[in-house]
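1. Sequence first, predicted model second:
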Amino acid sequence: MGFGDSTTMVAGTPSAILQTSKTKLPDFGGEHIPLGRDETHRAYPANRPLTLGIRPEDIAFGGETGIDAVVKVVEPTGSETHVAVEVDGRELTWVVRERVELVPEQRVKFSFETSKVHFFDQQTQQRLSA
């Protein structure tokens, strides 16, 4: 995804999407995502490694702007649909609560509200308070 010195993983089925980054502003394929003035990450030194977490249900797809992705798997599970996408060679999964008309290899854009971002201390794995 163009994260530089970082990793991306999906935890559980999936309960969170985590991106490990050593920067204050995550880099999604060259796009910096401003997180606002009062966000927790601003209280920590720039070189302190933090983990950025975004719950799959907080990711939205579609629209004219966002981060480019390619759909890999669409898995309806009843009341929601799990969508696996690839971004710059990395796989991410998000949860959609409504019916979606997506097919493998379809190009889409996704985004998320920065107010839904969570930060964790990489050493202790503790969530940092906002």
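-> That came in fine, so what should we check first? Residues are numbered from 1 along each chain as shown.

2. Run a quick neighbour tally on V70.
-> 14 (other Cβ atoms under 10 Å). Just so you know, the C-beta spots here come from the backbone N, C-alpha and C atoms, and that holds for glycine as well.

3. Also the one 4 residues further on?
-> When counting by other Cβ under 10 Å, one arrives at 17 neighbours for V74.

4. Adjacent strands (with direction) for the helix or strand where it lies?
-> V74 belongs to strand 67-76 when assigned by DSSP states H and E. In the sheet, strand 67-76 lines up against strand 81-87 (antiparallel), strand 107-112 (antiparallel) (DSSP bridges).

5. in that strand, what's buried?
-> Within strand 67-76, the residues that count as buried by 16 or more other Cβ atoms under 10 Å are 67, 69, 71, 74.

6. Also stretch 89-100?
-> Buried-residue list, stretch 89-100, by 16+ other Cβ under 10 Å: 90, 92-96, 100.

7. before we move on, what about stretch 119-127?
-> For stretch 119-127, by 16+ other Cβ under 10 Å, it's 119-120.
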